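J.: 3D, please:
(2 chains)
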Number of protein chains: 2
Amino acid sequence: MKSYDIVIIGASAAGTTAATTAKKFYGNKSILIIREAQNVPIPCGIPYIFGTVGDPMKNLIPVDNIMKANEIDVLVDKVVEIDKVNKIVLTANEKVSYDRLVITTGSMPIVPRLKGNNLENVYVVKKDVAYLLNLLSFTKEPKDIVIIGGGFIGVEMAEELKKHNENHNVTVIEMQDHVLNLVYDTDLCIFAEDSLKNIGINILTNERVVELVGEKKVSGVKLESGKELKADVVIFGIGFVPNIELAQNANLEIGSMGGIKVNRYMQTSNEDIFACGDCVEKFSFFDKKPTGLRLASIATMEARIAGANLFKNFRLNHGVVGCFSTAIQGKCFASAGLTTKDAKKMGYNIVVGNAESVNRHPGLMPGGDQLKVRLIFEASEGRIIGGQVYGALSGGELINAISAFISQKINAEQIALFQAGTHPALTASPIAYQLVNAAENAIVQLRSCKGSM
Amino acid sequence: MKSYDIVIIGASAAGTTAATTAKKFYGNKSILIIREAQNVPIPCGIPYIFGTVGDPMKNLIPVDNIMKANEIDVLVDKVVEIDKVNKIVLTANEKVSYDRLVITTGSMPIVPRLKGNNLENVYVVKKDVAYLLNLLSFTKEPKDIVIIGGGFIGVEMAEELKKHNENHNVTVIEMQDHVLNLVYDTDLCIFAEDSLKNIGINILTNERVVELVGEKKVSGVKLESGKELKADVVIFGIGFVPNIELAQNANLEIGSMGGIKVNRYMQTSNEDIFACGDCVEKFSFFDKKPTGLRLASIATMEARIAGANLFKNFRLNHGVVGCFSTAIQGKCFASAGLTTKDAKKMGYNIVVGNAESVNRHPGLMPGGDQLKVRLIFEASEGRIIGGQVYGALSGGELINAISAFISQKINAEQIALFQAGTHPALTASPIAYQLVNAAENAIVQLRSCKGSM
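T.: Sure, this is the predicted structure:
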């Protein structure tokens, strides 16, 4: 039987980061990372395989290289059981004893209970190279493609499949009022929809799928409204559920939202077993309640906590801020913290400041593109609780300044006096700098709320 | 005699922002902004007139539009005197009484006392459209151009003049070891030098000019080393001094570094007169001592303080963090807070964390470019005091997340758990996100400093 101080199950964003963090904090401990698949796709990169990148093999986390550089052993095998009493992990072919275990089994795409969901050519977006290669080759020639779910994955898949073959007839079906409705304010959702419609993608909102039709192969999709769409391919993009089978079989506690329950040190109900990433239950930075948000950037944050705490508690989880972005037709859509919808739902009295400008100065400098910033403040103390960025691709990093502000709970006044680096070739001018001006815009409202002056 | 509640002298970054801020805070007060020039160039955009933008008239702050939108009156005239006893501003043609005055007279390029400095074709980088047009037309045909001073202005002018006409023979003379030596760590300075040399710009460091030679027109530059360079044009880019003539004549107090002295509310020694921007004395965010750093982004920050405080103290100056960037040959060079050189000079015991990755994931996504982040922490509490970014242009906004961290005085542990928004088309992967990994890199060193574990 092999024996390691630290064993990590899973080698995607969480597993990889937990391993390298553990190495940084416990350099003299032996570490093994176990992964099932020969190749580990970059999760957020999967939609881009279809158009921009063109090949799943070009979208891999270089796990072996990272582990080799960190002197961490790798085992490619399927874990079948965790024996927590004897502190042993059983794989299909081996037994490995551990002193500390980290579970990063990730999540699985949801397949809804729907008639016809087992027909041929019905896909999910799976972190599996062979499966993705199959979908890629099947969508080479023009097809009627129906994507069910207008979240990030659905929208990104739609755009990339259209790039893969512009003669595809691509339809996105979303049961909410708008695509991306859970992650952006309504105006940004509408911008996204318009961009997708512009390249010929059909968007059906407020629509539910009731059945997939076809014999053996899928041939159509029936909607609640009575409409029926022709479909050669159906792709489900309606979310992910934590992959907790191993944890459940080991009798580890499971949270109310279906993830492995962990404390703020990322420790499961067994003190020698930690867990992080998509497989664990998460809580909000804001109201500390459970949240279903799953992102690779949250997974790596949790992995930095789990990896550091294996033998001594160094790091504490402060909960999910939630910072994410996408690019649609060359425009950035990014959000950090709460949307106005979420903030109101949580009971905050809010003030919203907006500002917009070209991201260069003068605006005709190369790369100049309009960039809009929205900041959301709770009205009582003026602290920032959310922000959104739309437009120029440089917004993909600007959102991170907003995420920094949110995590520090600073107020609109502090942002108004923020010293931004500005340059003609890189950003808006200091007069027009969107982040600062959005705060100033909110301050006018905050002051009138309070009736000061 | 005209009469206004608020009069602002100067309409560049500071004046414009002071005016709009005053309007936000004191909407019912009458406001006048006085500017001398018909057209106000965007200060940081001036070098780009020569290559990328091509015309000073395309690099203007739209002062009149901004003021019209804010219902602020504009007077184009030269202020000749401030009568602080009677609270009157005298211009060449008018008298205007004020209740509160804001001085934003900016700075003037330094012309060193040097033999030959008054020869024809010896230029400075002046915020003056006619002057710039003259230099632009004079540098249309191939010339021997000598730029004295390898700071931002000198380096940007060199690159842009080469873009203006690739047959120019451009030389930058810098008395320090490297160009940009005061603003970046040495490795970044060397990257900058290499980029400039690659496009045929000559860089002479550790060199001092002792004389400009020529009869009537400049024809050469003599160096301390004995070298003599041929020169059809000489451009001084060795810095700026505060323009304090009006303030001095009004007997306002002047600081030890030559700027108008202001308190932390941006109030001068006369309580009804405020000042902000390049013309005022500044102090460091870090050691609270006077600093000579002048940036448009500092000017606007100060203007937001001055404009808000005119009738009631709302805002306090916390000093200059210093966040700035440039782009050389398509690469971003950015810095926030202290460089390692500055930090050591201030007596900090420091730890430096570095991380580097492509700013896309996978790296072959369009726009992918290497991006390097350096974070500088003081060793005792691990708080961040500086950061630098080199490479991909998206670094122009990434530096602002670093500036946010510095202004909040947060530590390496907090940055290591920062929740960054990451996306294949916009940033590095969450596993490789440079900001977080640079902090992790520093933490390894910080922990070994403290001998923990």
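J.: quick check: phi and psi on A:Glu211?
T.: Backbone dihedrals for A:Glu211, given as degrees, to the nearest 10, come out at phi -160, psi 140.
J.: tell me the contacts of the closest residue to A:Lys197 other than its chain neighbours?
T.: Here the nearest residue to A:Lys197 in space, its sequence neighbours aside, is A:Ile203; by CB to CB, 6 or more residues apart in numbering or on different chains that works out to 6.1 Å. Bear in mind the C-beta positions are built from the backbone N, C-alpha and C, glycine included. With contact set as CB atoms under 8 Å, 6 or more residues apart in numbering or on different chains, A:Ile203 has these partners: A:Gly150, A:Thr171, A:Val172, A:Glu174, A:Val179, A:Glu193, A:Leu196, A:Lys197.
J.: could you do A:Ser325 as well?
T.: Under the criterion of CB under 8 Å, 6+ apart, the neighbours of A:Ser325 are A:332-335, A:389, A:395-396, A:399, B:421-423, B:426-427.
J.: so is the longest helix seen in chain A next to chain B?
T.: With DSSP state H applied, the helix covering the greatest number of residues in chain A is identified as helix A:434-450. Yes - legend: contact between helix A:434-450 and chain B by CB under 8 Å from any CB of the partner chain is shown at A:Leu435, A:Val436, A:Glu440, A:Ile443, A:Val444, A:Arg447.
J.: over to stretch A:404-417?
T.: Yes - with CB under 8 Å from any CB as the criterion, chain B is reached by stretch A:404-417 at A:Ala404, A:Phe405, A:Ser407, A:Gln408, A:Ile410, A:Glu413, A:Gln414, A:Ala416, A:Leu417.
J.: what is the mean pLDDT for that stretch?
T.: pLDDT averaged over stretch A:404-417 equals 96, rounded to a whole number.
J.: and A:Leu417, what does it touch?
T.: For A:Leu417, the residues meeting the contact criterion (CB under 8 Å, 6+ apart) are B:Met301, B:Arg304, B:Ile305, B:Arg315, B:His318.
J.: returning to that earlier point: quick check: the residue nearest to A:Lys197 is in a strand.
T.: Yes - counting by DSSP: H, G, I helix; E, B strand; the rest coil, A:Ile203 is part of a strand.
J.: report the beta-bridge partners for it.
T.: Note on A:Ile203: beta-bridge partners by DSSP bridges are A:Val172.
J.: quick one: it from A:Lys115, how far?
T.: Here the criterion is CB to CB, to the nearest Å. By it, A:Ile203 lies 24 Å from A:Lys115.
J.: same deal with A:Tyr26?
T.: 52 Å.
J.: neighbour count: the two, which is higher?
T.: Between A:Tyr26 and A:Lys115, counted using other CB atoms under 10 Å in any protein chain shown, the more crowded position is A:Tyr26 (19 against 12).
J.: helix, strand, or coil at A:Ile298?
T.: Reducing the assignment to helix, strand or coil with three-state DSSP, the entry for A:Ile298 is helix.
J.: correct me if wrong: it contacts A:Val320.
T.: Yes - the criterion here is CB atoms under 8 Å, and A:Ile298 meets it with A:Val320 at 5.6 Å.
J.: who's more crowded, those two?
T.: Taking other CB under 10 Å, A:Ile298 and A:Val320 do not tie; A:Ile298 has more neighbours (27 against 23).
J.: mind checking pLDDT for that one?
T.: A:Ile298 is assigned 97 on the pLDDT scale.
J.: for it, give me its contacts.
T.: The contact partners of A:Ile298, by CB under 8 Å, 6+ apart, come to A:Lys282, A:Val320, A:Gly322, B:Gln419.
J.: hang on, the earlier thing: show residues contacting the longest helix of chain A.
T.: Outside helix A:434-450, the residues that reach it (CB under 8 Å, 6+ apart) are A:351-357, A:371-375, A:377, A:379, A:382, A:387, A:398, A:401-402, A:412-413, A:415-416, A:418, A:420, A:428, A:453, B:21, B:24-25, B:300, B:304, B:400.
J.: quick one: name the residues of the stretch 1-150 of chain A near chain B.
T.: Remark: the part of the stretch 1-150 of chain A in contact with chain B comprises A:13, A:16-17, A:21, A:24-26, A:42, A:44-45, A:48, A:52-53, A:58-61, A:66, using CB under 8 Å from any CB.
J.: 7 Å instead?
T.: Applying CB under 7 Å from any CB of the partner chain, we find that the stretch 1-150 of chain A lies next to chain B at A:13, A:16-17, A:24, A:42, A:44-45, A:48, A:52-53, A:58-59, A:61.
J.: which positions within the lowest-mean-pLDDT helix or strand in chain A qualify as buried?
T.: Across the helices and strands of chain A, mean pLDDT, DSSP states H and E gives its lowest value to helix A:434-450, namely a mean of 92. When neighbours are counted by 16 or more other CB atoms under 10 Å in any protein chain shown, the buried residues of helix A:434-450 are found to be A:434-447.
J.: cool, and stretch A:249-264?
T.: Of the residues in stretch A:249-264, those buried under the neighbour-count criterion (16+ other CB under 10 Å) are A:Ala250, A:Leu252, A:Ile254, A:Gly255, A:Gly259, A:Ile260, A:Lys261, A:Val262.
J.: touching, the first one and A:Ile82? I think so.
T.: Yes - the pair A:Ala250 and A:Ile82 qualifies as a contact (CB atoms under 7 Å) at a distance of 4.1 Å.
J.: which stretches of the stretch 51-200 of chain A form helices?
T.: Ranges of helices in the stretch 51-200 of chain A, per DSSP state H, counting those that start in this stretch, are A:63-69, A:129-138, A:152-164, A:186-198.
J.: just checking, what packs against the first one?
T.: Where contact means 3 or more CB pairs under 7 Å, 6 or more residues apart in numbering or on different chains; DSSP states H and E, helix A:63-69 is packed against helix A:13-25, strand A:73-76.
J.: hey, C-alpha coordinates of the shortest one in CSV?
T.: C-alpha atoms of strand A:73-76 as CSV (Å, rounded to 0.1, in the frame of the first residue of the first chain):
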residue,chain,number,x,y,z
ASP,A,73,3.2,12.7,-7.3
VAL,A,74,0.3,12.0,-9.7
LEU,A,75,-1.8,8.9,-9.9
VAL,A,76,-4.2,8.5,-12.8
